[in-house]
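Engineer: take this sequence and fold it.
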Amino acid sequence: MGIFNIFSKKQKEDLDKGLEKTKEGFFSKITRAVAGKTKVDDEVLDDLEEILVSSDVGIDTTVKVIERIEKRVARDKYLDAKELNTILKEEIVGLLTENNTEDYNSFRLPEQGEPYVIMVVGVNGVGKTTTIGKLAWQFKQAGKSVYMGASDTFRAAAVDQLTIWAERVGVPIVKKAMGSDPAAVAYDAVSSAKAHQSDVLLVDTAGRLHNKVNLMNELTKIKRVMQKVIPDAPHEVLLVLDASTGQNAIQQAREFLKATDVTAIALTKLDGTAKGGVVLGIADQFRIPIKYIGIGEKMEHLQVFNKHEFVDTLFSQS
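Structural biologist: Numbers count the residues shown, from 1 in each chain. Predicted coordinates:
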């Protein structure tokens, strides 16, 4: 997916505002930890470890980051404590790079002759429906024709909410009555999107069924019926996680990875939490690209994830 645009000034401003709480709980704590220090010593590293853990980076990922910094300190004997921000930025970006997190700058899709099918998964309450609506708007803004499929037929509210978003964005939606077969809805949605030569189809799915086996079977069935229309569908399985739940989001990711082959992650509600460090933990633990982040209520507040812009904003002093 070749993407070359750079972030606009407005995108950077929105990102800065959306990460305010995380910056306060992260950058300002680091600043205080190194105040008056002349070198990066064990005390500074202990403080940094505590800051990373409290920002929901996670124990395992925190240990990796600290070990990387310790190696830098051992190699460059006279590191000033003031350099810690620069070092930490470099190591976080390095970790994200190693863990398959690309730099996205705009909402683009591969050029192909059939609709690009995105199956969206995630538990109820994480902002899945809202993310689908905002994605539809962003793709439409990028000049793409968009379809929606309401395959979460277990909750009447899910179909209603998605319908409201479809009307708001101005895109067609394929839906059936509550209790209908989710796979049948997905089949009709793919068929309709293909017949109308749509560029992208966003398919909502149930967040939770009676047990994990049911969820796994249902998602597998949805994928199988879509492949009767487009053999390589879905082209993307997007897992939506709520960043404000911190380590809970990591546990949710584990459960969905057991149920289906997740290929990308969208992290919502970053603006409402100081736990933005979970971005690093998720990228490190699952090695699945974080593709989108939610940093506010407005349509444009769903952004593509760019690791350099994210880390720069996290450490900026504005």
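Engineer: ramachandran coordinates for Ile310?
Structural biologist: To be clear, residue 310 is Phe; Ile isn't right here. Reported as degrees, to the nearest 10, the phi and psi values for Phe310 are phi -60, psi -50.
Engineer: what about it, distance to Gly277?
Structural biologist: From Phe310 over to Gly277 the distance is 11 Å, taken as C-beta to C-beta, to the nearest Å. Any C-beta I mention is one placed from the backbone N, CA and C, and that applies to glycine too.
Engineer: secondary structure element for the most centrally placed residue in the chain?
Structural biologist: By C-alpha atoms, centre = their mean, the chain has its centre lying nearest to Ala266, at 2.1 Å. Under the criterion of DSSP states H and E, Ala266 resides in strand 264-268.
Engineer: pLDDT averaged over the helix or strand immediately after that strand in the chain - what is it?
Structural biologist: Going down the chain from strand 264-268, the next helix or strand is helix 278-286, by DSSP H and E. For helix 278-286, the mean pLDDT works out to 89.
Engineer: swap in stretch 186-201?
Structural biologist: 97.
Engineer: and it, how far out from the chain's middle?
Structural biologist: The chain centroid and the centroid of stretch 186-201 are separated by 25 Å, computed with C-alpha atoms, centre = their mean, to the nearest Å.
Engineer: ditto for stretch 279-291
Structural biologist: 9 Å.
Engineer: ok, now stretch 293-305?
Structural biologist: 10 Å.
Engineer: so what touches that stretch?
Structural biologist: Outside of stretch 293-305, the residues within contact range by C-beta atoms under 8 Å, 6 or more residues apart in numbering are 3, 10-11, 14-15, 17-19, 101, 104-107, 127, 130-131, 134-135, 137-138, 243, 266-271, 279, 289-292, 310.
Engineer: one more time with 6 Å, if that's ok
Structural biologist: Gly18, Tyr104, Lys134, Trp137, Leu267, Thr268, Lys269, Leu270, Asp271, Ile290, Lys291, Tyr292 (C-beta atoms under 6 Å, 6 or more residues apart in numbering).
Engineer: buried residues in stretch 123-131?
Structural biologist: Neighbour-count burial for stretch 123-131, with 16 or more other C-beta atoms under 10 Å as criterion, is recorded at Val123, Val126, Gly127, Lys128, Thr129, Thr130, Thr131.
Engineer: in contact with the fourth one, which residues are there?
Structural biologist: Which is Lys128. Val120, Gly122, Val240.
Engineer: show me where pLDDT drops low in the protein?
Structural biologist: Along the chain, segments meeting pLDDT under 70 span 1-7, 77-81, 100-105, 209-213, 317-318.
Engineer: can you pull out the strands in it?
Structural biologist: For the chain, strands defined by DSSP state E occupy the ranges 116-121, 146-150, 173-174, 200-204, 236-242, 264-268, 290-294, 302-304.
Engineer: given the shortest one, what are its sheet partners and their directions?
Structural biologist: This means strand 173-174. Strand 173-174 sits in its sheet next to strand 146-150 (parallel), going by DSSP bridges.
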